[in-house]
Structure formats: C-alpha cells, structure tokens
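S.K.: let me see the structure of the following:
(one chain, ligands or ions: 1)
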Amino acid sequence: MTDILERCDIALLKREETIAREDALELTNLSDERLPDLIALSHRVRLQYAGPQVEVESILSAKTGGCPEDCHFCSQSGRFETTVRPEPFLPTDQIVEAARRSEKDGATEFCIVLAVRGPDDYIMERTLDAVGAIRANTNMNVACSLGILTRPQAEALADAGVHRYNHNLETAREFFPEICTTHSWEERYETCLIVKDLGMELCSGGIMGMGETPEQRVDFAFELRELGPAEIPLNFLNPRPGTPLADRAVLSPLEALRCIAIFRLVHPGAIIRYAGGREVTLRDMQATGMLAGVNAIIIGNYLTTLGRSPSDDLRMLADLGMPVKRDVPVKRGNDGT
Ligand code: SF4
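M.R.: Numbers count the residues shown, from 1 in each chain. Model prediction:
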C-alpha cells in the first residue's frame with residue numbers, strides 16, 4: 001500500500017480529487033518526524049488551488065461583552081466573571097475611523113463583530129448604518145459577524161452590500177454541547193445555509209484546542225467541507241481567565257501545524273485564515289503556519305485579546321515572499337453604490 005502522503009499528493013495535486021476522511025484520520029497519526037513532509041505537501045496544495053496571495057483582514061468589536069450565551073471559551077459571555085466589561089454599540093464615526101486606519105495598515109476586508117446571540121431591530125439598524133458609511137468612505141470589502149440571523153435580517157445585510165458573513169460552527173457537531181448549552185450547533189448551521197443561499201460569501205471556522213479529540217477535529221473539517229465556506233478562520237484556544245476553559249492547556253505548536261495542514265488538504269481552495277490565539281499557540285512558528293496552508297490573516301487586535309502589530313505581520317509575509325491580495329472592489333460613488 002502506498003504511503004499516505006504519496007496518496008494525498010496523487011489525489012490532490014495530480015488528479016485534483018478530494019481526500020477521504022480516512023486519509024485525514026491517518027494524517028493525525030503521522031509521526032512528528034514526517035510533519036515537515038506534510039507541511040510541504042499542504043503548501044504545494046495551497047499554491048496550486050489558491051495561489052500565493054494572502055488576504056489581510058481587520059476586525060472590530062463594535063459591541064463588546066454582556067452576551068447572554070454561554071460559549072465556554074468566550075470572555076464576552078455575561079455569564080462568566082471575566083475582565084471584559086460590556087460596552088454599548090460604538091458610534092458609526094468611530095467604526096468608520098477604525099476601518100480607515102486598517103485600510104491604511106494594508107487590510108482589504110473589514111469585519112464588524114458584535115457580541116450577541118443574534119441581532120435585534122436596534123442592532124440591525126446600527127449595523128446597516130455602519131456598513132453604508134464604511135462603503136462610502138473606504139474602498140474595503142465589508143464583512144459582518146452578528147450571530148444567528150433570521151432570513152429577513154440576512155437579506156437586509158446582503159442588500160446593504162455586506163460581502164461576507166462570519167458565523168463559526170466553532171467545533172465538531174459531536175463536541176459542541178461540551179462548549180455551549182444555550183444554543184445548538186444546528187442553529188449555527190442554519191444561519192450558515194441562509195447566508196450561502198442569499199449569495200453572501202460564508203466565513204465559517206472554529207477554535208482548535210478546546211478539548212476536542214484529533215478525530216473530532218477531522219470530523220469538523222469534513223462537516224465544514226459539506227457546508228463549503230469561502231473562508232475558514234482557524235482560531236487556537238487562548239484560555240481566558242474566568243471562563244470554563246481558563247485552565248485548558250493550549251495545543252503544542254506541532255499539533256497546531258498538523259491541524260492547519262490537514263485543514264488545507266481537506267479544503268484545498270478555501271481561504272484559510274489565521275485568527276485568534278496563534279501568538280500563544282504557535283509562538284515562534286507562526287511563519288511556519290503560513291507555509292502549512294494558511295493564506296489569510298487578521299492583523300491588529302482581536303476582539304478581546306491583543307494581536308501582533310500589523311507591521312510585524314506584513315513583514316512576515318514579505319519575508320516569506322507571499323504577496324498581499326489587493327483585489328478590493330472598484331471605487332464606488334459617494335452613495336456607496
Ligand atoms: S461566542 Fe458569541 S454567542 Fe458565544 S458567548 Fe461569545 S459573543 Fe456570545
């Protein structure tokens with residue numbers, strides 16, 4: 001029988017076929033000595049299917065903390081004693097100012113993120129206002145992350161020009177009840193389906209290292225493959241004080257690299273984005289993660305944790321010889337159309 005890496009190489013690079021769940025499971029048992037070979041393969045797969053460019057995005061928490069849900073990793077849940085204090089919805093001019101700053105820093109995508117189960121009428125109104133103002137005043141693509149949506153809410157966002165909607169499934173369906181009891185994985189899935197159906201790009205990924213098994217991580221990669229998001233943010237748990245996962249050990253850098261590489265082989269053409277927790281999990285190996293299949297990054301700070309400076313990340317990309325993707329939308333008129 002041929003070696004697993006050889007089989008994946010033939011399937012993905014020569015025949016342009018997908019790999020099976022059994023292949024991905026076998027990769028979870030590959031020895032650490034062979035990890036560089038896996039990384040080399042996933043890099044070639046990324047280049048063949050997604051090209052050398054890296055998409056740079058900036059995110060802004062426009063309404064922080066006080067969320068009624070109980071996602072066990074999240075310091076924004078109002079159910080846990082964390083250091084995050086609830087903040088009201090930021091004024092539109094502050095949101096536009098943040099978007100302008102990140103455009104200057106090199107981002108082409110700006111995502112408005114709110115700590116809510118889903119939006120009410122007030123939040124919808126404020127979000128639509130902010131989306132219109134960013135589109136009128138910058139040349140960036142606008143994304144939103146507002147939790148669980150009804151179909152009319154999703155339609156309103158699509159009509160306002162929201163290019164991409166983020167709604168993470170977070171983890172494997174089987175493991176989800178261990179990390180959240182106030183809503184279901186299926187509710188999240190339903191929102192993802194609505195977003196796709198309305199023609200917005202779907203961004204859906206999750207957090208690695210919450211206590212799931214390597215097999216559940218593979219299940220998660222395949223559940224996402226069924227959904228087919230354009231973008232998959234890969235977060236790594238950064239245990240937050242006061243949350244139920246505060247004492248969970250972070251993944252080792254090698255395990256995180258293996259995970260990135262497997263996600264790339266399961267999702268050869270997707271935008272796989274480095275999101276929160278890479279600094280504490282990968283530490284000095286963040287550039288290696290870029291060579292393991294990552295082709296997008298969030299620059300600047302995350303929602304409640306600090307990231308590296310944008311200039312450090314842009315230098316990392318330059319050092320790796322990876323060009324920043326610049327295909328922002330054509331300049332619109334002042335009315336944002
Ligand atoms: S992950 Fe989202 S829905 Fe869950 S507690 Fe945090 S802000 Fe609320």
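S.K.: buried ones in the helix or strand encompassing residue 259?
M.R.: Per DSSP states H and E, residue 259 falls inside helix 253-266. Buried residues in helix 253-266, counted by 16 or more other Cβ atoms under 10 Å: 253, 255-266. Just so you know, the C-beta spots here come from the backbone N, C-alpha and C atoms, and that holds for glycine as well.
S.K.: ditto for stretch 238-256
M.R.: 238, 239, 240, 243, 244, 245, 250, 251, 253, 255, 256.
S.K.: for the third one, which non-adjacent residue is closest in space?
M.R.: Taking Cβ to Cβ, 6 or more residues apart in numbering as the measure, residue 240 lies nearest to residue 75, with 3.9 Å between them; neighbours along the chain are not counted.
S.K.: also the last one?
M.R.: Nearest in space to residue 256, with sequence neighbours left out and distances taken as Cβ to Cβ, 6+ apart, is residue 281 at 4.9 Å.
S.K.: surely the one you found touches residue 251?
M.R.: Yes - using Cβ atoms under 8 Å, residue 281 is in contact with residue 251, at 5.4 Å.
S.K.: so for the two, which residues contact both of them?
M.R.: 209, 236, 237 (Cβ atoms under 8 Å, 6 or more residues apart in numbering).
S.K.: could you dump those residues to CSV with pLDDT?
M.R.: CSV is the format used below for the shared contacts of residue 281 and residue 251 (pLDDT from 0 to 100):
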residue, pLDDT
209, 96
236, 96
237, 96
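S.K.: the residue positioned nearest the centre of the chain: helix or strand, and which one exactly?
M.R.: Centroid-nearest residue in the chain: residue 233, 1.8 Å away (criterion: Cα atoms, centre = their mean). If you go by DSSP H and E, residue 233 is part of strand 231-236.
S.K.: returning to what we had before: packing partners for the strand or helix carrying the residue nearest to residue 256?
M.R.: Using DSSP H and E, residue 281 falls within helix 278-282. Identification of packing neighbours for helix 278-282 by 3 or more Cβ pairs under 8 Å, 6 or more residues apart in numbering; DSSP states H and E yields strand 231-236, helix 253-266, helix 286-291.
S.K.: what is the burial count for residue 237?
M.R.: For residue 237, the count of nearby residues is 23 (other Cβ atoms under 10 Å).
S.K.: wait, I meant residue 292
M.R.: Using other Cβ under 10 Å, residue 292 has 28 other residues around it.
S.K.: and it, what does it touch?
M.R.: 38, 39, 42, 43, 257, 260, 261, 264.
S.K.: residues contacting the host helix or strand of residue 124, please?
M.R.: In the assignment (DSSP H and E), residue 124 maps to helix 121-137. When contacts are defined by Cβ under 8 Å, 6+ apart, helix 121-137 is touched by residues 62-63, 89, 92-93, 95-96, 99-100, 110, 112, 114, 116, 119, 140, 142, 144, 146, 153, 156-157, 160-162, 332, 334-336.
S.K.: cool, and stretch 88-105?
M.R.: With Cβ under 8 Å, 6+ apart as the criterion, stretch 88-105 contacts 58, 60, 62-63, 110, 112, 114, 122-123, 126, 129-130, 133-134, 137-140, 142, 299-300, 310, 314.
S.K.: state the distance from the residue lying closest to residue 37 once chain neighbours are set aside to residue 289.
M.R.: Nearest residue to residue 37 in three dimensions, chain neighbours excluded: residue 5, at 5.5 Å (Cβ to Cβ, 6+ apart). Taking Cβ to Cβ, to the nearest Å as the measure, residue 5 falls 19 Å from residue 289.
S.K.: for the residue nearest to residue 260 when sequence neighbours are not counted, give its distance to the ligand.
M.R.: Distance criterion Cβ to Cβ, 6+ apart; nearest residue to residue 260, sequence neighbours excluded, is residue 292 at 4.4 Å. Distance, residue 292 to the ligand, using Cβ to the nearest ligand atom, to the nearest Å: 26 Å.
S.K.: by contact count, what packs against the top strand by length along the chain?
M.R.: In terms of residue count, the longest strand belonging to the chain (DSSP state E) is strand 55-63. Packing contacts for strand 55-63, counted by 3+ Cβ pairs under 8 Å, 6+ apart, involve helix 92-105, strand 109-114, helix 121-137, strand 271-274, strand 296-298.
S.K.: let's have the ones you listed in TSV, adding mean pLDDT, distance to residue 318 and mean neighbour count.
M.R.: Shown next, in TSV, are the helices and strands packed on strand 55-63 (pLDDT from 0 to 100; distance: least, Cβ to Cβ, whole Å; neighbours: other Cβ atoms under 10 Å):
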stretch	mean pLDDT	distance to residue 318	mean neighbour count
helix 92-105	91	14	17
strand 109-114	91	19	24
helix 121-137	96	27	18
strand 271-274	94	16	24
strand 296-298	90	13	25
